[in-house]
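Enquirer: everything below, folded, please.
(chains A and B, ligands or ions: 2)
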Amino acid sequence: MATVTMTVNGKQVSADVDPRTLLVQFLRETLRLTGTHVGCDTSQCGACVVHLDGRAVKSCTTLALSCDGATVTTIEGLANGTTLHPMQEAFRDNHGLQCGFCTPGMIMSAVDIVNRKGHDLDEHTIREELEGNICRCTGYHNIVKAVGAGAKAMAK
Amino acid sequence: MSATGIGAPVRRKEDFRFITGKGNYTDDINRPGQAHAFFLRSPHAHATIKAIDTKAAAKMPGVVAIFTGEDIAADKVGGLICGWMIHNKDGSPMAAGAHPALAQGKVRYVGDHVAVVIADTLAQARDAAEKITVSYDVLPAVVDMNAALKKGTVQIHEAAPGNRVYDWHLGDKAAADAAFKTAKHVVKLDLANNRLIPNAMEPRAAVGEYDAGNDALTLHTTSQNPHVARLVLSAFIGLAPEHKLRVIAPDVGGGFGSKIFIYAEETVCVWAARKVNRPVKWTADRTEAFLADAHGRDHLTHAEMAIDEAGKITGLRVSTKANLGAYLSTFSSSVPTYLYAPLLSGQYDIPAIYCEVEGVYTTTAPVDAYRGAGRPEATFVIERLMEVAARQLGQDPAAFRKKNFVRKFPHQTPVIMCYDAGDYNASLTKAMALADVKGLAKRKRESARNGKLRGLGYSAYIEACGIAPSQAVGSLGAGVGLWESAEVRVNPIGTVEILTGSHSHGQGHETTFAQLVSDRLGIPIDNVSVVHGDTDKVQFGMGTYGSRSGAVGMTAIAKALDKIEAKAKKVAAYVLEASEGDIDFKNGHFSVKGTDKTIDFGSVALQAYIAHKFTGAQLEPGLKEGAFYDPTNFTFPAGVHICEVEIDPDTGVTRVDRWTAVDPGKGILMSRWPPWGPGRH
Ligand code: FES
Ligand code: FES
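Expert: Numbering: from 1, shown residues only, chains lettered A, B, ... in the order given. Ligands and ions are numbered 1, 2, ... in the order given. Predicted structure coming up:
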């Protein structure tokens, strides 16, 4: 067992974990933040994307211990109290989800894309940037629309 | 129409929890004292198990129990079942081998379940499984259907000689043969419809719980049809009687058919929960999903089409081998038979059709229903034949289709189905205009100038959906009826709960079903909640697959709403002091014909519960009604796709230039915003 301390969604947390614990296990099982999902456990689907010190990472392939001292934001920490983040609103408004399983990872990736690429995203850029996120339900069309709309809304 | 009724551009009611990470999927569920299950799986496609030594594993830290097929047998846990009996050409029943939840004496595919380790943590269960020694006698693998059917090939199940599960047929062979005798043209085609793996984004998962005080079991599971799961686990596998077994399917992250079936893992989790008297949880990793979710398709087909001088199709002969894998999964036997051959007529008027299908055991993962289940396989056969035939005859593929479309309805095909309505010509004509098929020649020349090839293909499909009239499927071998149930509970303040046997795994029933209520009762969807996925709350239901939730599930709700309206009119009549026949109901208000006396739906609901305006002898208090709806026919959605591609002949790189689909119907939940941009289809 080893102790890990990090700031998750603005709260400092500390726990003793088995050194092989993955960040996603720490979030889901230790902190019971089950909004972050595991779709593949092999870095392919993006259902597990969270922000680590402001950058999108796949938490299924990140050791919890390597995040000692870091700041983590999960889907549960994105909204500002009861006010949804513009990207969350955009997904709902554009029907960018069906079963919702990929959605937390999609939204966390989308916010990261805007942080890196700005607010005026063309369709090609969005599709290319979403390469690491798989959705089996929607066919991506409405997700792409949602990311474009969310990017614009984030500028306001 | 109410502002949130059918066709309104509303927000989905379920989305708030999904976009904020507050969904409740099976793997999000954790029960106090829960242990974790890890399945030791076969590394061989085919082997006899000589011995399993679990002694060292049992001593590993955190291990609670280890079970093998022997324990399952000792507890008389029944085998997993196939719920659809198929008969051979000679009328004898299909040959099905046993399907134990944990292997007994033999493994038959890579991923077959050999043992389960239950430990305090998943990591401990996994570590302990590595200490189990299994000695195998490896047998030859048989993955190819032709090899499996060859004389002298190793037997996968003793019960199925020659590895043939069934040798089934449909249609009139003599009539089809006669059509080929007099045909002007005969078109022949060999097709492989490859196997695929469903891969819903949410892996399968199960949490089994035992309540010793009440001797009752609960299973939380990733299911498209929790009541069917309970029925099978109770009546066939024998884990507990139905009233002592609760099955809950919470939010389900996609299914595509793969979550219809009753698998080994959930069976073992709920059985083991009683054995160890602790909740037992299992969640598949993606590797396990590839190995042990039921796969889809996997057909080898030879098809022939007979065509007369005028270019009219006169006959069709289809011979298919269907790979069913190593065991018969829950509905596997029906998919390449009754869900396939009856759709081979496609959108065309074909007077004679004969289809024969061999179901084959191989040492591969079981194959069952996947997206469309049999019907897309039929579309693939008929549409490939249409394209090849048009080319062979030197005809335009669209014109050849138009010449052969069914034009008069109802249309009885020679393979069971009676199409109720359709206008296939209109769909194709519309799609051709949208795809600018007229401009193809010009675009082709442009591509040629750039050294590229260009072409387009059509697929005109028809499905039999709204599965299904119970008596009809019963006569074809189904073990269950395929009606749906609904209950409408109106609360005293006029809000409504809908209990439905359908179950959403992404379809958005919480919204669309509420839209139906909104439409009928004139109340906003926010005043309606949909309850599903829990056998303790909803009495019974058949679940979601086969495009049945709208056609069958929503119709059951509509039938229950008819009863609600009828009862509410009675209440309104007492309140408004009028005769029942004079009460009108429109836009959420009851009124007395020819007067300005009116009362809204919510007030009538309250009156139904306070029951001051009528006596018990006159009317029962309350406002709650239920309905079971059994459809009288399938629905036959049909449409057309046109895909135009450009190919670089030097590199083989293929670019989809345009893809056009026409799929007629009325939308329930419409998009809130216009599409992304012009020109995209
Ligand atoms: S679960 Fe991390 S990428 Fe799929
Ligand atoms: S909404 Fe189901 S996987 Fe994306």
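Enquirer: B:Thr379 belongs to a helix?
Expert: Yes. Counting by DSSP: H, G, I helix; E, B strand; the rest coil, B:Thr379 is part of a helix.
Enquirer: B:Ser234 - that's part of a strand, no?
Expert: No. B:Ser234 is assigned helix when assessed by three-state DSSP, not a strand.
Enquirer: how many other residues sit next to it?
Expert: 19 (other C-beta atoms under 10 Å in any protein chain shown). For the C-beta atoms, the positions are set from N, CA and C on the backbone; glycine is no exception.
Enquirer: skip the chain neighbours and tell me the closest residue to it.
Expert: The shortest distance from B:Ser234 to any non-neighbouring residue, by C-beta to C-beta, 6 or more residues apart in numbering or on different chains, is to B:Glu242 (4.6 Å).
Enquirer: number of nearby residues for the one you found?
Expert: B:Glu242: 15 surrounding residues under other C-beta under 10 Å.
Enquirer: same thing with the one 10 residues further on?
Expert: Using other C-beta under 10 Å, the number of residues around B:Val252 comes to 29.
Enquirer: could you report the neighbour count for the closest residue to it other than its chain neighbours?
Expert: Spatial nearest neighbour of B:Val252, chain neighbours left out: B:His505 (3.6 Å); criterion: C-beta to C-beta, 6+ apart. By other C-beta under 10 Å, the residues close to B:His505 number 29.
Enquirer: grab the nearest non-local neighbour of the residue nearest the centre of chain A.
Expert: With distances taken as C-alpha atoms, centre = their mean, the residue of chain A nearest its centroid is A:Met108 (3.0 Å). Leaving aside its chain neighbours, A:Met108 sits nearest to A:Val49 (4.3 Å; criterion: C-beta to C-beta, 6+ apart).
Enquirer: just B:Arg317 next, same as before
Expert: Per C-beta to C-beta, 6+ apart, closest to B:Arg317 is B:Glu304, 4.6 Å.
Enquirer: separation between B:Arg126 and B:Pro43?
Expert: From B:Arg126 across to B:Pro43, the span is 15 Å (C-beta to C-beta, to the nearest Å).
Enquirer: follow-up on the earlier one: so who does the residue nearest to B:Ser234 touch?
Expert: B:Glu242 sits next to B:230-231, B:234-235, B:535 when contact means C-beta atoms under 8 Å, 6 or more residues apart in numbering or on different chains.
Enquirer: quick one: buried ones out of those residues?
Expert: Using 16 or more other C-beta atoms under 10 Å in any protein chain shown as the burial test, the contacts of B:Glu242 include B:230-231, B:234, B:535 as buried.
Enquirer: tell me who's in contact with the closest residue to ligand 1 within chain B.
Expert: Nearest residue of chain B to ligand 1, counting by C-beta to the nearest ligand atom: B:Arg286, 7.4 Å away. By C-beta under 8 Å, 6+ apart, B:Arg286 lies in contact with A:39-42, A:44-45, B:199, B:203.
Enquirer: domain assignment for chain B?
Expert: B:31-139+B:199-292, B:483-629 (automatic domain parsing).
Enquirer: the shortest one near ligand 2 at all?
Expert: Pointing back at domain B:483-629 there. Yes. Using C-beta under 6 Å from any ligand atom, we find that domain B:483-629 touches ligand 2 at B:Gly506.
Enquirer: state the mean pLDDT of that domain.
Expert: For domain B:483-629, the mean per-residue pLDDT is 96.
Enquirer: report the separation between whichever residue of the stretch 351-500 of chain B sits closest to chain A and B:Asp584.
Expert: At 10.4 Å from chain A, B:Arg371 is the closest residue in the stretch 351-500 of chain B, using C-beta to the nearest C-beta. B:Arg371 sits 45 Å away from B:Asp584, taking C-beta to C-beta as the criterion.
Enquirer: with adjacent residues omitted, what lies nearest to B:His490?
Expert: Quick fix: residue B:490 is Val, not His. Nearest to B:Val490 is B:Leu623, by C-beta to C-beta, 6+ apart, at 4.0 Å.
Enquirer: I'd say the one you found and B:Tyr609 touch.
Expert: Yes. The pair B:Leu623 / B:Tyr609 is scored as a contact, 7.2 Å apart, by C-beta atoms under 8 Å.
Enquirer: what about those two, which has more around it?
Expert: Taking neighbours as other C-beta under 10 Å, B:Leu623 and B:Tyr609 compare with B:Leu623 leading, 24 against 15.
Enquirer: surely the residue nearest to A:Met108 meets A:Asn133?
Expert: Yes. Between A:Val49 and A:Asn133 there is a contact at 7.0 Å, judged by C-beta under 8 Å.
Enquirer: all helices of chain A, in order?
Expert: With DSSP state H as the criterion, chain A has helices at A:23-25, A:86-93, A:103-117, A:123-129, A:141-155.
Enquirer: indicate which one of those is closest to ligand 2.
Expert: Using C-beta to the nearest ligand atom, those put helix A:103-117 closest to ligand 2, at 5.9 Å.
Enquirer: wait, a helix at B:Met554?
Expert: Yes. B:Met554: assigned to a helix according to three-state DSSP.
Enquirer: OK, contacts around A:Pro104?
Expert: Applying C-beta under 8 Å, 6+ apart to A:Pro104 gives the contacts A:35-37, A:47, A:49, A:74-75, B:18-19, B:21.
Enquirer: residues contacting the closest residue to chain B within chain A?
Expert: Per C-beta to the nearest C-beta, the residue of chain A with the smallest distance to chain B is A:Gly35, at 1.9 Å. A:Gly35 makes contacts with A:74-76, A:104, B:20-23, as judged by C-beta under 8 Å, 6+ apart.
Enquirer: one more pass at 6 Å, please.
Expert: The contact partners of A:Gly35, by C-beta atoms under 6 Å, 6 or more residues apart in numbering or on different chains, come to A:74-76, A:104, B:21.
Enquirer: and A:Thr7, by the same measure?
Expert: A:Thr71.
Enquirer: one more pass at 10 Å, please.
Expert: A:13, A:53, A:67, A:69-73, A:77 (C-beta atoms under 10 Å, 6 or more residues apart in numbering or on different chains).
Enquirer: and these, which is closest to A:Gly139?
Expert: A:Thr73 (28.2 Å; C-beta to C-beta).
Enquirer: beta partners for B:Val134?
Expert: B:Ile52 (DSSP bridges).
Enquirer: thanks again, I'm all set now.
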